Structures are given as C-alpha cells and as structure tokens.
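Undergrad: need coordinates for the following:
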Amino acid sequence: MSAPPKTVIEASEAEAEAIREAVRKADPRTLGMGRAIAELKHVPGLVELLSDERVSGPIYDLPRPATVESVTRWVAEHQARRLAGESLLFVTLDPAGKVAGYSHIEVWPERASAELAGAIRADLQGKGQGGSGMAHTFGWIFETLGVRLMCLTAALDNVRSIKGIDAAGFRRMGEREVTRPDGTTRPSVYWELTRDEWRQRHRL
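TA: Numbers count the residues shown, from 1 in each chain. Model (predicted):
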C-alpha cells in the first residue's frame, strides 16, 4: 500500500484542510481531454485495462486479480477517500469512450504530500503520451492540490517509468520496499521532489 514520503513535512491544520478541500473539488477536465473521476460505470473498462500485465504488471498497489468485484471495491474505496480529501482516482477515456488509462493520486494532507501512480493502455505505450502526460500531472498536483512534496516509486525493471521520472527532475533517494495488497513486498526505486524545485525547474 502507499506510504508517505521519507521526508516529513508537518502541515498546519489550515494547510491540511485546504489540501483536502482541493482534492474534493478537483476537476479532472483541467488535466486534459478525456479525463474523468473513476465511477462504477468505468469498472468493466478498468478490468479490461488492468487485466493486461503489460499495463498492470509494474504497479504494486492495484487490486489483483483484476475482477469486477475487486475493481468495484477499489473504485468505491477511492470514491469515499476522495470525499475525505485523501485520494483521487481518474480514468482517461479514448475518443471512442473506452478506458485508455488511469491515474491514482494518493494524498497525505497533514504532510502536504502526494504520490502518483498510473498507466496507459498497451497500444498507447511508447508513443510519448505517457511521459508528457506524467509531467503535466506533476505540475497539476503541485499547483491545483497545493501539496509541497511528491514522492514516486517504480519497479527496478520498469525502465520506461524510471527514465520518465528522472527526466522530470525528481531526485533519486535510494530504494523503498513497497507492500502489495496481498502483503508481499517489492523493492522499488524511490524519488522525491518539492514544489519549489518543480517551480524553479519549470520557471513557474
């Protein structure tokens, strides 16, 4: 399951509540075309997406196996946690209305921090969409949700994600053991980046 960053930030009560409210009110359309809050109507499309190991294989915090029942629970859990201001689960829809990807933003308001995970459909991988979409989402998280720190992890053999995260300017901070829903662990490369570092890099 997701763990907060190694670096500890202590947010004030006012800052934490502002972050929770930003999560509750977040409009996925500001992330780009085809983005939507994951709802139960998206479950069949998500099951199809996540049943492909080329998509879900490198990601540690997904329901396994991806069944209607497990994905329904996953979506419902994140709907509830969105209302608590602690999580966002988005889907990306292609022009035909099919689920072409997902993004999960885990938020720790009391620490002004967040983590991003996600994937796109196998036929869309390697075409530059993942990297550009990931970078845009990083900026959106910092500026829209108001967090001050982001952490990321990637499996040691997930070369595509590792290159994209390095290119975005995140700082490697060794490795982290992440825990899957079934209790098993996976060693991962671990990164952090502050909002000030992001703004300086992108001159915001």
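Undergrad: make it CA atoms for all contacts and neighbour counts henceforth
TA: Noted.
Undergrad: can you give me phi and psi for the residue nearest to Leu46 when sequence neighbours are not counted?
TA: Excluding the flanking residues, the one nearest Leu46 by CA to CA, 6 or more residues apart in numbering is Val99, at 6.4 Å. The phi/psi pair for Val99 (degrees, to the nearest 10) reads phi -70, psi 120.
Undergrad: is it true that Val99 touches Val47?
TA: No. If you go by CA atoms under 8 Å, Val99 and Val47 don't touch, sitting 9.5 Å apart.
Undergrad: more neighbours: which of those two?
TA: Between Val99 and Val47, counting by other CA atoms under 10 Å, Val99 is the more crowded of the two (24 against 20).
Undergrad: quick revisit: local confidence estimate at the residue nearest to Leu46?
TA: Per-residue pLDDT puts Val99 at 97.
Undergrad: what residues does it make contact with?
TA: His42, Gly45, Leu46, Leu49, Val91, Thr92, Leu93 (CA atoms under 8 Å, 6 or more residues apart in numbering).
Undergrad: equivalent analysis for Lys98, please.
TA: Gly45.
Undergrad: where does this protein dip in pLDDT?
TA: 1, 126-133, 204 (pLDDT under 70).
Undergrad: change it to 80
TA: Within the chain, the ranges that satisfy pLDDT under 80 run 1-2, 125-135, 180-183, 203-204.
Undergrad: could you pull out the helices for it?
TA: Counting by DSSP state H, the chain has helices at residues 13-25, 43-50, 53-56, 68-83, 129-140, 159-167, 195-202.
Undergrad: out of the ones you listed, nearest to Pro187?
TA: helix 159-167 (13.5 Å; CA to CA).
Undergrad: what packs against the closest one?
TA: Packing contacts for helix 159-167, counted by 3 or more CA pairs under 8 Å, 6 or more residues apart in numbering; DSSP states H and E, involve no helix or strand.
Undergrad: surely Gly85 is in contact with Ala16?
TA: No. Between Gly85 and Ala16 there is no contact under CA under 8 Å: 9.4 Å.
Undergrad: give me whichever of the helices of the chain is most buried.
TA: Highest mean neighbour count among the helices of the chain (mean count of other CA atoms under 10 Å): helix 43-50, with a mean of 20.
Undergrad: for that one, packing partners?
TA: Against helix 43-50 (3+ CA pairs under 8 Å, 6+ apart) you get helix 53-56, helix 68-83, strand 99-108.
Undergrad: that one vs helix 68-83, what angle?
TA: 100 degrees (axes from the mean of the first three to the mean of the last three CA atoms, to 10 degrees).
Undergrad: mind listing residues that contact helix 43-50?
TA: The contact list for helix 43-50 (CA under 8 Å, 6+ apart) reads 55-56, 66-68, 71-72, 75, 98-101, 121.
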